[in-house]
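# one predicted model, sequence on top.
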Amino acid sequence: MNKTTNKIWNKLKITSATLVGAMLAIPGATAHCPLCTGATIFGVGVTRAWHWDDSIVGIFVGAMIVSSALWLNNIMKKRNIGGNSTLRIASLTLATLILTALSFYYAGLIGPANDYRIFGIEKIVFGTFSGGVISFAAFWISNILKKRNNGKVLFNYQTMAITFAALILNSLIFWAIFR
């Protein structure tokens with residue numbers, strides 16, 4: 001095998017091992033659970049490993065931020081931490097966004113030296129906001145479908161499937177526009 005083929009096989013092996021490891025390590029699924037968050041983190045890892053455009057990586061980062069915030073919100077609800085649910089979700093999302101942005105800044109992924117921009121905004125930041133909006137919209141659509149079905153999902157992992165379908169569509173649009 002040549003070097004390019006070896007690199008591709010190595011990436012496929014790492015991607016497969018990460019996916020299998022995540023599936024084995026994550027407990028049973030609940031609404032916005034470790035499975036959802038792990039899957040979005042996996043998406044970030046895959047897009048970075050395959051050297052995809054930063055705007056596409058950002059889409060999965062935004063999904064990870066939203067998924068993490070919704071997961072933390074569910075933990076707080078289970079522990080009877082009261083308050084306005086909308087404000088709590090907004091606060092958790094903002095906190096997760098700030099922590100992610102700080103880690104990106106210190107890792108050198110964002111900052112004044114980064115020349116990769118869309119409309120004057122860094123590509124990864126642009127993608128992050130896009131992925132966050134798409135994730136919230138998918139969660140909202142899934143909730144509407146549940147309400148119309150008497151509080152039951154139409155199929156297993158409905159929210160996750162809708163979210164990933166929307167994220168993949170968003171990624172394909174960004175890939176077509178910014179390649």
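On my side now, so go ahead. As the structure is a computational prediction, the values presented were derived from the model and not from experiment.
# strands of the protein, start to end?
117-118, 121-122 (DSSP state E).
# of these, which is nearest Asn84?
Closest to Asn84 of those, according to Cβ to Cβ: strand 121-122, at 30.2 Å. In short, each C-beta sits where N, CA and C put it, glycine included.
# pull up the pairing partners for that closest one, direction included.
With DSSP bridges as the test, strand 121-122 is paired with strand 117-118 (antiparallel).
# hang on, the earlier thing: need the strands of the chain in JSON lines with mean pLDDT, can you?
As requested, the strands of the chain are arranged in JSON lines below (pLDDT from 0 to 100):
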{"stretch": "strand 117-118", "mean pLDDT": "75"}
{"stretch": "strand 121-122", "mean pLDDT": "82"}
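# any chance of those in a markdown table, plus distance to Thr93?
Listed next are the strands of the chain as a markdown table, based on distance: least, Cβ to Cβ, whole Å:
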| stretch | distance to Thr93 |
| --- | --- |
| strand 117-118 | 22 |
| strand 121-122 | 19 |
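# show me the shaky parts of this structure.
In the predicted model of the chain, residues 1-2, 4-41, 43-44, 113-116 satisfy pLDDT under 70.
# could you check how far the residue nearest to the spatial centre of it is from Thr96?
Taking Cα atoms, centre = their mean, the centroid of the chain lies closest to Ala63, which sits 2.5 Å from it. In this view, Ala63 and Thr96 are 11 Å apart by Cβ to Cβ, to the nearest Å.
# many thanks, we can stop here.
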